[in-house]
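> just coords:
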């Protein structure tokens with residue numbers, strides 16, 4: 001072992017990070033109930049504890065980068081907002097079944113813009129593709145639902161979190177590292 005490794009000076013990219021909105025227990029249960037009621041069990045349903053809506057995805061990050069992201073997120077000032085989950089879709093190529101909103105609330109767009117702006121101090125580059133807010137319900141989904149009855153889940157969003165993806169023998173689990181209240 002080198003002196004740098006021994007002293008902890010190496011900074012490997014060993015944190016898989018993302019910023020997300022995490023539904024509270026009642027909203028999480030409504031999402032689960034809607035999924036069970038309207039969509040046939042195909043592919044791999046996402047575990048209820050992993051349900052979230054991604055805001056920004058730094059991905060593999062060093063401890064130093066993670067510290068910068070945390071500092072940047074503390075600067076975010078944005079107001080709470082209501083998000084209505086009332087749309088369903090499937091990313092065909094990725095075979096991902098998702099739940100989203102027909103009308104993206106201005107509060108969500110503002111939060112993403114402000115968060116991306118603050119993260120730029122950490123050399124974070126947002127994805128090139130347009131922001132498509134969604135909660136992944138299932139992966140490896142075979143067919144697109146066509147006759148989905150109308151549903152509407154009202155989610156009062158009052159915080160966002162920095163999450164870490166952790167692999168284990170039981171699969172991937174998402175752990176909240178820090179949460180910030182929306183108070184702006």
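Good, I have the coordinates. What you see is a predicted model, and the numbers here were worked out from it, not measured in a lab.
> what about residue 81, how many residues close to it?
Other residues within reach of residue 81 by the criterion other CB atoms under 10 Å amount to 18. Where C-beta positions appear, they are placed from N, C-alpha and C, glycine not excepted.
> so who does it touch?
Residues touching residue 81, when contacts are defined by CB atoms under 8 Å, 6 or more residues apart in numbering, comprise 105-108, 111, 156-157, 182.
> Dihedrals phi and psi, it?
phi -150, psi 170 (degrees, to the nearest 10).
> can you tell me how far it sits from residue 103?
With the distance defined as CB to CB, to the nearest Å, residue 81 ends up 12 Å from residue 103.
> swap in residue 83?
Counting by CB to CB, the gap from residue 83 to residue 103 is 10 Å.
> before we move on, what about residue 175?
In this view, residue 175 and residue 103 are 31 Å apart by CB to CB.
> what does residue 163 give?
In terms of CB to CB, residue 163 sits 26 Å off from residue 103.
> Same question for residue 47.
28 Å.
> and residue 163 and residue 103? which has more neighbours close in?
Neighbour count, other CB under 10 Å: between residue 163 and residue 103, residue 163 has more, with 23 against 9.
> thought the more buried one was touching residue 178?
No: counting by CB atoms under 8 Å, no contact exists between residue 163 and residue 178, whose distance comes to 9.3 Å.
> in the chain, which spans are helices?
With DSSP state H as the criterion, the chain has helices at 3-6, 25-38, 63-73, 106-119.
> mind checking pLDDT for the residue most central in space within the chain?
By CA atoms, centre = their mean, the chain has its centre lying nearest to residue 54, at 2.4 Å. With respect to pLDDT, residue 54 scores 97.
> Equivalent analysis for residue 18, please.
Residue 18 carries a pLDDT score of 98 in this model.
> give me the beta-bridge partners of it?
residue 163 (DSSP bridges).
> who's in contact with it?
Contacts were defined as CB under 8 Å, 6+ apart; by that measure residue 18 touches 54-59, 162-163, 165.
> Next, give me the two most distant ones among those residues.
Farthest apart among the contacts of residue 18 by CB to CB are 55 and 165. That separation is 14.6 Å.
> So between those two, which is more surrounded?
In this comparison of residue 55 against residue 165, neighbours counted by other CB under 10 Å, the higher total goes to residue 55 at 24 against 16.
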